[in-house]
Structures are given as C-alpha cells and as structure tokens.
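Asker: Take a look and give me a structure for this.
(chains A, B, C and D)
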There are 2 protein chains.
Amino acid sequence: MAKRRKVGNLLALAVLGTLVQRPMHPYEMASFLRERGKDDDMPIKWGSLYTVVQNLEKHGFIEATGSTRAGGRPERTTYAITDGGREELQDWVRELLGTPEREPLKFTAALSMIGALPPDEAIGLLRQRRDLLTARIAADEQQYESTRQSVPRMFLIEQEYELAVWRAEIQWIDGLLADFGSGAFPELDGWRAFYQTGTVPPEFRDLAERGAPAE
Amino acid sequence: MAKRRKVGNLLALAVLGTLVQRPMHPYEMASFLRERGKDDDMPIKWGSLYTVVQNLEKHGFIEATGSTRAGGRPERTTYAITDGGREELQDWVRELLGTPEREPLKFTAALSMIGALPPDEAIGLLRQRRDLLTARIAADEQQYESTRQSVPRMFLIEQEYELAVWRAEIQWIDGLLADFGSGAFPELDGWRAFYQTGTVPPEFRDLAERGAPAE
DNA sequence: TCACGTATGCTCGTAGGCGAGTATCCGGAA
DNA sequence: TTCCGGATACTCGCCTACGAGCATACGTGA
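Answerer: Numbers count the residues shown, from 1 in each chain, chains lettered A, B, ... in the order given. Model prediction:
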C-alpha cells in the first residue's frame, strides 16, 4: 500500500489551512498560526516548517507565486494553495474527523508503568495531576470566554473539545483515587508490600513469567 | 537547558519497562510487548527499536550482558537494565504521571479545520465517528472483561483510562450535534450559505483579514 | 547619532524514526 | 527427503524533524 498521505505531518495540515485564507510566505504562516494560539504548546519549529512547505510544493499541493525582496532582507517566497492542495485538505480533514484513531499518549504510557513507583507516591502524583489540570481548566475557560467575545464559536470548537476531555480525565482520576481509598483495588496491598519488603506478591508473579525463555 | 531526556522516545520507556522484568534481547522485547497488546495501534517499528536500544545503551541506562549465537542465526545481544536505567524509569514515570501535558491530537487538528468542509458533510462525519467509537468501546469492554479474568486490575488501568476518554468524546460529540440541531450554533447558517453560494458571511470576514499584509 | 534589543526571514547539519530488505532456522506437508 | 512458509533476528539507508545559527532591518532611548 502506498503511504496514505504524501505529507503526513499535522503541521502540513495547518499550512494548507492558512494558505486557504490567502497566499503567504512561510514566516507569515508562522505568525498567523501563533496569533491564533495554534501553538500554545508547540512553539513552532522552524526547521520543520520549511521542510513541510518544500514537501507540499514537491507534491503539487502548494506553489510558489513569486518572491519579493524588500531591501536587503532575505528573499521571501510566497506560496499559494493549488486545487490539488484544496482537495487534499478536504480529504484529510474528512478522514481525521470521521475516523477515530488511537494515538500514543504520554499519560497512557505512564499509567501502564505505574507499578514502577511505590503506590503512595503514585497516588500523590495523581492528586497533583488532578490539581494542575483543574487549574489549567480554570485558566482556559476564562481565556475561552474572553476570546468568545470577538470570535464565532465555530473557531473555538477544538478548545471546547479539549476542555471536555480534561474534565473527563479529572473525573476518571478522582474515581481511581476513590477506588484506591475504598479498597476496590485489592492488589494495592501486594503492591505496597513489594516496595516495603521487596516481596513480589503471588498474583503478580506469574505475569512476569509469561513469555519467559524456554531455555 | 539541556534536553530534558537523553532518550525521549516512548518506545524507550517501554523498553525500560520490559527490562525491569528480566534481561532480554531486542527481538524478545518486541514479542513481549506485542503479547501485552501494547502495540494494538503501533505494529512495532523495528528500526526504531534497535535505535532506541542503542541509545539507551549509549547513555548507560541498559547494558549488554552477553550475546548468544544459536546455530547460524544472527547473534542475539541480551540487554539488562542498569541502576541508572531504573532511576531514569522511575523519574520519567513520575514526570509523565504528575504533569499534564498538551499533546497535539489529530482530532483536535481536524476540529480546528472543520470549516474546510461543508457543514452537512461535517455533521455526517461526526455521526460516523461517534458510531465507530461506540463500536470500538463495546469491543474493548468485552476484551477488557475477558483479560480481567486472569490479570490484576493494576495492569489494565491504562485501558480503563482510554475507555473513559472515549466515552467522554462520544458525549461531547453528541452535545455538539445537538447544538447544531437546536440552533445553539448561530454561525451554522452563514457556514452553509458559504458552501451553497460562495458568499463569505460577514462575521467570518474580518477574521481572515487579521494579520493581513500591510503592503 | 550610535548602539542595542527585537523582529524578520531563512539555511544547514545532525540525529532520530522507520520501512524494506537479508539471512538463517525449523516444522510439517507432499 | 525435499520444499516451502513462517518465525527468528537484525541491518541498512533514506527521509523527516528540528535546533541552532546567520544575516539584515527597524525602532528607540541616551
């Protein structure tokens, strides 16, 4: 099977998205994206931006429409989206929107390794996470409200989604913590004992053995 | 600031996690991970595995403890985790668990580009997504239950988390669809009109202009 | 007017990610 | 007994990601 997307980077999606508005040169796209807060987490990676733009051009999704030189500044090449690019954009959004896909999440990875920490430490960290999340939600809600004054809701859907997911995460963590407290989590004692005495509880024993070498 | 982690790949975390169980050679780690379904989504990338193992060794988190050659097969180098590796693992899990971090999600990206599609198509795709998610949850719940028979809950926490997040996503999508239907989404008409007549509605107009070139 | 911080723009080198290829062994069907 | 498919176990090389560097312009305070 040929690779699904010729340019599969999410940054490429953002580039196509900005070029739909109007032609721009790369640096301008970056400012544009930054302004929309599309980069709160990701401080724009210059190297990637230019690579991605090049690749998009190579595959005919965008094209250079001229290069201005203002004063002695480096030359600015302006790019415009092509018809093929518009189609790719639509098709891509269609796919991303309609098809749920598992993505490797850091928190999920951490949870699967939670046994690497003593239980009481893990519990402390989960509490901390919940508190940080709560604070972040509060901050983001406020920011959302203020942006909402001047921007139609349509352009803020992603934010609504993020907030919803975070709220769910908090709820889930609280549920887990409650289970730890209420004894709905029988292995907790064995886990704790392991870190206090170094004894591997029997219910964990055979798991590590699975797939053991059959010398 | 020095790079936060010398080996920052999540695959590296998994490697450390398996080597805590017992020493193994790379191929064995892969089988081990596959068996645990740690790769439902990610079919194990061979190239990365060996690169990551090398890097972990370079930084002293793991060390080669011997190499067996069985028959004429390629040499198998067995690796064991070092004390430094154990420490790194703990520290890493501590960080991932206690600190929420924004991660770029495909669905979020898609939502922010939802205007690239005609509204009715977008709505259809959201419905489709919800249905696919529902089906996946059902399947995963069943798988969870059956695994649960033989495995302590502790080793399935990540799955519980994933399920919780998916459920939240469904709820959120349903909420959004309801808003589309009930008129709680005033821009919908302008959006639809744009795709029918090509007219950009006034409330969207000035947004595209922002940061426009000041020639 | 000159120096200095900040914004404008891009280039390049390196390290990491990953698929496709390679080579051997083993078990069972023909 | 021979052949073949699948498991075992890695290697190689390309392509992408990205940070750090470079070079000019502009504004502003002393």
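
Asker: Could you pick out the longest helix of chain A?
Answerer: helix A:119-148 (DSSP state H).

Asker: Flag every buried residue along that helix.
Answerer: Within helix A:119-148, the residues scored as buried using 16 or more other C-beta atoms under 10 Å in any protein chain shown are A:119, A:121, A:122, A:123, A:125, A:126, A:129, A:130, A:133, A:137, A:144. The way it works is simple: take the backbone N, C-alpha and C, and place the C-beta from them, glycine included.

Asker: Then stretch A:77-96?
Answerer: Neighbour counts over stretch A:77-96 (16+ other C-beta under 10 Å) mark A:78, A:79, A:81, A:82, A:85, A:88, A:89, A:90, A:92, A:93, A:94, A:96 as buried.

Asker: Can you add pLDDT and distance to residue B:53 and give the buried residues of helix A:119-148 back as CSV?
Answerer: Formatted as CSV, the buried residues of helix A:119-148 follow (pLDDT from 0 to 100; distance: C-beta to C-beta, whole Å):
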residue, pLDDT, distance to residue B:53
A:119, 96, 30
A:121, 97, 28
A:122, 98, 27
A:123, 98, 32
A:125, 98, 28
A:126, 98, 30
A:129, 98, 30
A:130, 98, 35
A:133, 98, 34
A:137, 98, 39
A:144, 93, 44
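
Asker: Report the spatially nearest residue to the residue most central in space within chain A, omitting neighbours in sequence.
Answerer: Central residue of chain A (C-alpha atoms, centre = their mean): residue A:105, 8.0 Å from the mean position. Distances taken as C-beta to C-beta, 6 or more residues apart in numbering or on different chains place residue B:103 nearest to residue A:105, at 6.3 Å, with adjacent residues excluded.

Asker: Mind jotting down where the helices sit in chain A?
Answerer: A:10-21, A:26-35, A:46-58, A:83-98, A:106-112, A:119-148, A:157-182, A:187-197, A:202-209.

Asker: sorry, back to before: so, in contact with chain B or not, the longest helix of chain A?
Answerer: Yes: on the criterion C-beta under 8 Å from any C-beta of the partner chain, helix A:119-148 is in touch with chain B at A:121, A:122, A:124, A:125, A:126, A:128, A:129, A:132, A:133, A:136.

Asker: packing partners for that helix?
Answerer: Counting contacts by 3 or more C-beta pairs under 8 Å, 6 or more residues apart in numbering or on different chains; DSSP states H and E, helix A:119-148 is packed against helix A:157-182, helix A:187-197, helix B:83-98.

Asker: and chain A, which residues reach DNA strand C?
Answerer: A:25-28, A:31, A:46-47, A:50-51, A:70, A:73-77 (C-beta under 7 Å from any atom of the strand).

Asker: Give me the buried entries from the residues you listed.
Answerer: Buried among those by 16+ other C-beta under 10 Å: A:25, A:26, A:28.

Asker: so what's the backbone phi/psi at the first one?
Answerer: Here the main-chain torsion angles of residue A:25 (degrees, to the nearest 10) amount to phi -100, psi 160.

Asker: give me every residue that touches it.
Answerer: Residues near residue A:25 by C-beta atoms under 8 Å, 6 or more residues apart in numbering or on different chains: A:76, A:77, A:78, A:79.

Asker: Help me confirm that residue A:98 comes into contact with residue B:121.
Answerer: No: look at residue A:98 against residue B:121 with C-beta atoms under 8 Å: they stay out of range, at 9.4 Å.

Asker: Would you mind listing where chain A has pLDDT under the threshold?
Answerer: In the predicted model of chain A, residues A:1-3, A:37-42, A:69-74, A:205-215 satisfy pLDDT under 70.

Asker: same thing but 50
Answerer: In the predicted model, chain A carries pLDDT under 50 at residues A:1, A:209-215.

Asker: Isn't residue A:94 up against residue B:114?
Answerer: No: with contacts counted by C-beta under 8 Å, residue A:94 stays clear of residue B:114, the gap being 10.4 Å.

Asker: rewinding a little: farthest-apart pair in the contacts of residue A:25, please.
Answerer: Spatially, the most separated pair among the contacts of residue A:25 is A:76 and A:79, at 10.2 Å (C-beta to C-beta).
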